[in-house]
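K.L.:
only geometry, no sequence info:
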């Protein structure tokens, strides 16, 4: 399968693209970060697993989509605030049957993609893998998990089956879902509880489970997610989510949340499509979400401070 990974120079794009290339797929990692593109083309992509083992994967990287040409599948891992620009730039990679699979964090990415490339191209997914970018062309993989993908209309289409088969051949445990938006909200619930909390406190993932205060905060944030999901017809079991979140955090020793990595690098965060999405939906459905609003205010204030100082270390 001919695949392009947008954001392929980052942690998650590199991880998935590297695995797919190692399994024999025709993969190009597409990224605007020239140091990452050059490092991958020169030295290969290095992935460090949780047990300390390393593998170097030879995979193509490019900064210009026109150098890649039409592909069968685009996997989108760019940050939410780069979605419109990335999809607009990706038009040279769109053939008549090209599908775009978003595996981005947060809520609303599929609509942004559809507005530019057409709703008929869009597939949606999420993953419970975690990754950290150690250096250009070098990814740490501290935690593995299930990946879910689906069509917006719930169909099990041939292109969905092809994507699932490619991921599974690559060793990426993947499940197709006929209710993918429910699964997206389950992952959103995890992100709402953990990402801003880790970013503000500078905690590694497992540390969030070790303190009564952080557990109480996450539990209350989750209650607001469940309250907002209900009027939208989203099937979200609050008790199941709490057990799943705490179990995942216990396993994620040493993992650093993506929002924490953004804050440490003085980059813009994805708070607006995580806790911001809950606050916005709460206003729309008249459901109070004071804690999620507070997290948005805090993270926005923090990022405004360092962005104004111009100290981006990306």
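P.N.:
Sure, I can see it. Since the structure is predicted, the reported quantities are computational estimates derived from the model, not experimental observations.
K.L.:
show me the helices in the stretch 201-314 of the chain, by range?
P.N.:
212-229, 238-251, 258-264, 275-285, 290-309 (DSSP state H, counting those that start in this stretch).
K.L.:
ignore the last one, the stretch 1-150 of the chain
P.N.:
Under DSSP H, counting those that start in this stretch, the stretch 1-150 of the chain gives helices at 11-22, 34-43, 83-89, 109-117.
K.L.:
just the ones you listed: most buried one?
P.N.:
helix 11-22 (a mean of 26; mean count of other CB atoms under 10 Å). Just so you know, the C-beta spots here come from the backbone N, C-alpha and C atoms, and that holds for glycine as well.
K.L.:
tell me what angle it forms with helix 34-43.
P.N.:
Using axes from the mean of the first three to the mean of the last three CA atoms, to 10 degrees, one finds that helix 11-22 and helix 34-43 are set 20 degrees apart in direction.
K.L.:
surely residue 186 touches residue 238?
P.N.:
No - using CB atoms under 8 Å as the test, residue 186 is too far from residue 238 to be in contact (10.8 Å).
K.L.:
of the two, who's got more company?
P.N.:
residue 186 (22 against 16; other CB atoms under 10 Å).
K.L.:
what's the separation between that one and residue 257?
P.N.:
Using CB to CB, to the nearest Å, residue 186 is found at 17 Å from residue 257.
K.L.:
any idea which helix or strand carries residue 188?
P.N.:
helix 180-201 (DSSP states H and E).
K.L.:
buried stuff in that helix?
P.N.:
For helix 180-201, a neighbour-count test (16 or more other CB atoms under 10 Å) marks 180-199 as buried.
K.L.:
and for stretch 291-299?
P.N.:
For stretch 291-299, by 16+ other CB under 10 Å, it's 291, 292, 293, 295, 296, 299.
K.L.:
just the residues you listed now: which is nearest residue 78?
P.N.:
residue 299 (19.4 Å; CB to CB).
K.L.:
for the closest one, which non-adjacent residue is closest in space?
P.N.:
residue 271 (4.2 Å; CB to CB, 6 or more residues apart in numbering).
K.L.:
the one you found and residue 258 touch, don't they?
P.N.:
No - the criterion here is CB under 8 Å, and residue 271 misses it with residue 258 at 11.2 Å.
K.L.:
ok so, going back, tell me what the helix holding residue 188 is packed against?
P.N.:
Counting contacts by 3 or more CB pairs under 8 Å, 6 or more residues apart in numbering; DSSP states H and E, helix 180-201 is packed against strand 122-127, strand 147-151, helix 212-229, helix 238-251, helix 258-264, helix 275-285, helix 290-309.
K.L.:
can I get these in CSV with distance to residue 169 and mean pLDDT?
P.N.:
Shown next, in CSV, are these (distance: least, CB to CB, whole Å; pLDDT from 0 to 100):
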stretch, distance to residue 169, mean pLDDT
strand 122-127, 16, 94
strand 147-151, 13, 96
helix 212-229, 34, 97
helix 238-251, 25, 94
helix 258-264, 26, 93
helix 275-285, 33, 96
helix 290-309, 38, 96
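K.L.:
buried sites along stretch 38-57?
P.N.:
Those would be 39, 40, 41, 44, 45, 46, 47, 48, 50, 57, for stretch 38-57 by 16+ other CB under 10 Å.
K.L.:
contact partners for the first one?
P.N.:
Right, the one you point to is residue 39. Going by CB atoms under 8 Å, 6 or more residues apart in numbering, residue 39 touches 135, 136, 137, 138.
K.L.:
model confidence for the closest residue to the first one other than its chain neighbours, exactly?
P.N.:
Spatially, and ignoring its direct neighbours in sequence, residue 135 is nearest to residue 39 (7.7 Å; CB to CB, 6+ apart). The confidence metric pLDDT takes the value 97 at residue 39.
K.L.:
what separates residue 39 from residue 49, distance-wise?
P.N.:
19 Å.
K.L.:
per-residue confidence at the nearest residue to residue 74 once chain neighbours are set aside?
P.N.:
Using CB to CB, 6+ apart and skipping residues adjacent in sequence, the residue nearest residue 74 is residue 100, 4.6 Å away. You'll see residue 100 listed with a pLDDT of 97.
K.L.:
swap in residue 166?
P.N.:
97.
K.L.:
I'd say residue 238 and residue 221 touch.
P.N.:
No - with contact taken as CB under 8 Å, residue 238 and residue 221 are classed as non-touching, separated by 11.2 Å.
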